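Visitor: What follows is a predicted protein model with its sequence.
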Amino acid sequence: MSDVARSTIAFEGQFARYFPEMAVPWRADEAPEPRLVALNRPLAVELGFDPDFLSSPEGVRLLIGNAVPEAATPVAQAYSGHQFGWYSPRLGDGRALLLGEISGADGKLRDIHLKGSGRTPFARNGDGRAVVGPMLREYIVSEAMHALNIPTTRSLAVVRTGSQVQRERLLPGAVLTRVASSHVRVGSFQYARAGNDLGLLRRLADHAIERHHPSSDREPNRYLGLLQDVVSVQATLVAQWMLVGFVHGVMNTDNMTVSGETIDYGPCAFMEGFDPGAVYSSIDETGRYAYRNQPLVAEWNLARFAESLAPLIHEDEEQAVSLAVESLKGFREQYSAAWFAGMKAKLGLPERIDDDVASPLVDNLLVLVQEARADYTSFFRVLGKAARGQAEPARGMILDLAAFDAWLDRWRTLKPDADAMDRVNPIYIPRNHLVEEALAAATEGDVVPSERLLEAIFDPYKERPGLEKFAAPAPESFGPYRTFCGT
Ligand code: AMP
Ligand code: MG
């Protein structure tokens, strides 16, 4: 038996077997000289892998799909999607492969997926490649999101392939090994719907219910139940993004999961100075995916999901639409409730406080923070100090001090809980200038800066000496931040 077969857990090819119409068996390109850039040892252990094996030459080959375990059927998945509002009937994994699913210790199936593994039949004009910088960005930001308790795909490893890839200049190629509770996207449903194959659509919906939303069955109409459950997980997900100042950057329908995990970290960023119009993607010229638009876009994407499900919801089109519209209304309600509960927690206020009291308090504060363009993350963190009687650091970040002092008086009468605030307001997030520094160093072969950054963000709420650099906003010299998509 080969090392790969012996040292790893069993891979299943569920998606490949259940959905041959949406899965093209394919192999990853052979990497000439694979070398680890990052390995997530705790995640490896959680999944049942031996991290020492994964660091070995044979383990690294497994991580990039060059050594394929027995019983695994790597496939490129087909999906459609609305990109910046425009529908593409055939997107699919152009440079990615689903290696297969594995069962974790908790009995849940998880996808092991590769990004940057070479051209597939869905590659269109793309080269099928990825490079170290963007793959490491996904690794760092997804792991930061996980540490912030936000549902997300995880990152198991980044491996440098040894090939050079043409971008704005030649850059080292890389493969990201991603772990997800599945890669079923809104775009997967759009694909199944577009083919007018009701059997396929039903199988996909049944699979999503079984794998992610078994409680959908509570509804007499289980497909309506599925719609409601996906609306629900996306409403709370996007509320959590907003609460930490995360901007996804490419909320296309193919980048929205049915599981409710954040997926496909491209030109994403954490906002620094509070600006509801913040956009970081170089290709998002109209600001479609700006910070403040994210809830609206999520709702729009869910309407595309509902359209795809419609024939399952009711055979009469009009009735299907009216049922779907009713369920979609749940988005605003649930988003607002989740966001507002999160804001109360950020302010150290108990859940039971009357909305009539808490709501103007939240609104007034955000006006002051926005007017000063205060660093979003630091501001909420130092507000915890204000709850302990040291208001100066927070006052130092606001312009209209008279209004802020009056605000502080109102807030303090509600007895905010400073310790509770520190448990929800992170001190360490992946700050854009530090992410860029880490990616640039790793591109040149130095992984120390990314390792340091990861140490800080793995434990985002606990202030630790020596990590001051990771808590500070970017210096002025860093300038306006832009990241690039599709690289
Ligand atoms: P993304 O913006 O990463 O979500 O990708 C959108 C679509 O473009 C997906 O179908 C990807 O597989 C495809 N794609 C992105 N980059 C490449 C590339 N370098 N080569 C082939 N396909 C790509
Ligand atoms: Mg994508």
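Guide: Right, received. Where do you want to start? Quantities reported herein were computed from a predicted structural model and do not represent experimental measurements. Numbers count the residues shown, from 1 in each chain. Ligands and ions are numbered 1, 2, ... in the order given.
Visitor: Tell me how far residue 242 lies from ligand 2.
Guide: With distances defined as CB to the ion, to the nearest Å, the gap from residue 242 to ligand 2 amounts to 21 Å. Every C-beta, even on glycine, is put in place using the N, C-alpha and C of the backbone.
Visitor: show me what contacts that residue?
Guide: Under the criterion of CB atoms under 8 Å, 6 or more residues apart in numbering, the contact partners of residue 242 comprise 291, 294-295, 339.
Visitor: three-state assignment of it?
Guide: helix (DSSP: H, G, I helix; E, B strand; the rest coil).
Visitor: Against residue 136, how distant is it?
Guide: Taking CB to CB, to the nearest Å as the measure, residue 242 and residue 136 are separated by 25 Å.
Visitor: likewise residue 379?
Guide: Distance from residue 379 to residue 136, by CB to CB: 28 Å.
Visitor: of the two, who's got more company?
Guide: Set side by side, residue 379 and residue 136 show more neighbours around residue 136, with 27 against 21, by other CB atoms under 10 Å.
Visitor: For the more buried one, which three-state class applies?
Guide: helix.
Visitor: Could you list the contact residues of the stretch 201-350 of the chain toward ligand 2?
Guide: The stretch 201-350 of the chain comes close to ligand 2 at residues 255, 264, as judged by CB under 5 Å from the ion.
Visitor: All the helices of the stretch 201-350 of the chain, residue numbers only.
Guide: When secondary structure is read from DSSP state H, counting those that start in this stretch, the stretch 201-350 of the chain shows helices at 222-244, 294-313, 317-346.
Visitor: Of those helices, flag the one that's most buried.
Guide: Among these, ranked by average contacts under mean count of other CB atoms under 10 Å, first place goes to helix 222-244 (a mean of 23).
Visitor: ok, now which ones touch the closest residue to residue 264 other than its chain neighbours?
Guide: Across the structure, with CB to CB, 6 or more residues apart in numbering as the measure, the residue nearest residue 264 apart from its sequence neighbours is residue 255 (4.2 Å). Residue 255 makes contacts with 81, 185, 187, 248, 263-264, 266, as judged by CB under 8 Å, 6+ apart.
Visitor: how much space between residue 255 and ligand 1?
Guide: Counting by CB to the nearest ligand atom, to the nearest Å, the gap from residue 255 to ligand 1 is 5 Å.
Visitor: Give me the distance between that residue and residue 289.
Guide: Taking CB to CB, one finds residue 255 at 10 Å from residue 289.
Visitor: what sits in contact with each of the two?
Guide: residue 248.
Visitor: Name whatever forms a beta bridge with the nearest residue to residue 121 once chain neighbours are set aside.
Guide: When the adjacent residues along the chain are set aside, residue 121 lies closest to residue 24, with 5.5 Å between them (CB to CB, 6+ apart). Beta-bridge partners of residue 24, counted by DSSP bridges, are residue 76.
Visitor: Correct me if wrong: residue 24 contacts residue 120.
Guide: Yes: contact between residue 24 and residue 120 holds when scored by CB atoms under 8 Å: they sit 6.8 Å apart.
Visitor: Counting neighbours, go ahead and name the busier of these two.
Guide: In this view residue 24 and residue 120 are compared by other CB under 10 Å, and residue 120 has more residues nearby, 23 against 18.
Visitor: List the residues that contact the closest residue to that one other than its chain neighbours.
Guide: Across the structure, with CB to CB, 6+ apart as the measure, the residue nearest residue 120 apart from its sequence neighbours is residue 76 (3.8 Å). Taking CB under 8 Å, 6+ apart as the contact definition, residue 76 lies against 23-24, 26, 92-94, 96-98, 120-122.
Visitor: hmm, try it at 7 Å
Guide: If a contact means CB atoms under 7 Å, 6 or more residues apart in numbering, then residue 76 has 24, 26, 92-93, 96-97, 120-122 as its contacts.
Visitor: Could you do residue 203 as well?
Guide: With CB under 7 Å, 6+ apart as the criterion, the residues that contact residue 203 are residue 18.
Visitor: circling back to that earlier point, and the residue nearest to residue 120, how close does it get to residue 28?
Guide: 10 Å.
Visitor: Now for these two: what residues contact both?
Guide: residue 97.
Visitor: Isn't residue 429 up against residue 271?
Guide: No: when contacts are counted by CB atoms under 7 Å, residue 429 is not listed as touching residue 271 (9.6 Å).
Visitor: Give the residue from those two that has the larger number of neighbours.
Guide: residue 429 (27 against 21).
Visitor: and the more buried one, what helix or strand is that in?
Guide: Using DSSP states H and E, residue 429 is not contained in any helix or strand.
Visitor: got a pLDDT number for it?
Guide: According to the model's per-residue confidence, residue 429 sits at a pLDDT of 98.
Visitor: Which of the contacts of residue 76 fall in strands?
Guide: With strands taken from DSSP state E, the overlap with the contacts of residue 76 comprises 24, 96-97.
Visitor: What is the nearest of those residues to ligand 2?
Guide: Proximity to ligand 2 was ranked across the ones in strands among the contacts of residue 76 by CB to the ion; first place goes to residue 96, at 8.2 Å.
Visitor: Run through the bridge partners of the closest one.
Guide: Applying DSSP bridges to residue 96 yields these beta-bridge partners: residue 115.
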